[in-house]
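Chemist: Let me see the structure of the following:
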Amino acid sequence: MIDAWADHFQFMARYNRWANRRLYDSCEALPKWEYLKLRQAFFSSIHGTLSHLLVGDLVWFARFLGEAATVSALDEQPHATLAELRMARDSQDEKIITYIDGLSHAEILGTISYARLGGERYEDELRPLLTHVFNHQTHHRGQVHGMLSGTSVEPPLLDIIYYMREAQ
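Modeler: Just a heads-up that it's a prediction; the model follows:
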């Protein structure tokens, strides 16, 4: 069962990178004004939502690694341009893969202690937290996908089945 968890999270980390790359490819086809346009979205724009995805990963992986978070709010936009954001996203996706690949069986089955940005302390099993991180990515990629639907750029296919077919 332990190897199944490792295999699952390794698969999800690689799918996550693939889906992010496809989404960013589509966003790069947008005019700058369209990419930054304020929309009916929780994080206000495509840029705001992609920024939130990166910030969420920065926060969670700092927790997983026992490090201090480099951001202080979930709506922070640490990169002003899509190009800068994409470089940071690519770097973070590689860090995610490296982290997941380096987990021992005991770590996967273990718990972590961490503090939320507001300071509240928690201890939780790692497996549901990793599941949350990948689910969070899927959720907000779906929001960006929906926003792209309102532009002239066709949203990319992001279903896992397409990743599986491409990866074979």
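Chemist: okay, CA-based contacts and neighbour counts for the rest of this
Modeler: Noted.
Chemist: Might one say that residue 77 is in contact with residue 48?
Modeler: Yes: Residue 77 is within contact range of residue 48, at 6.7 Å (criterion: C-alpha atoms under 8 Å).
Chemist: Name the SS class of residue 89, please.
Modeler: In three-state terms, and counting by DSSP: H, G, I helix; E, B strand; the rest coil, residue 89 is helix.
Chemist: Against residue 157, how distant is the closest residue to residue 116 other than its chain neighbours?
Modeler: Counting by C-alpha to C-alpha, 6 or more residues apart in numbering, residue 116 lies nearest to residue 122, which is 7.8 Å off, once chain neighbours are set aside. Between residue 122 and residue 157 the computed distance is 36 Å (C-alpha to C-alpha, to the nearest Å).
Chemist: and if you look at residue 78?
Modeler: 27 Å.
Chemist: residues contacting the residue nearest to residue 116?
Modeler: Applying C-alpha atoms under 8 Å, 6 or more residues apart in numbering to residue 122 gives the contacts 113-116.
Chemist: out of those, which are inside strands?
Modeler: Using DSSP state E, the members of those that fall in strands are 113-115.
Chemist: okay, which residue is most central for this structure?
Modeler: Nearest to the mean C-alpha position of the chain, counting by C-alpha atoms, centre = their mean, stands residue 137 at 4.2 Å.
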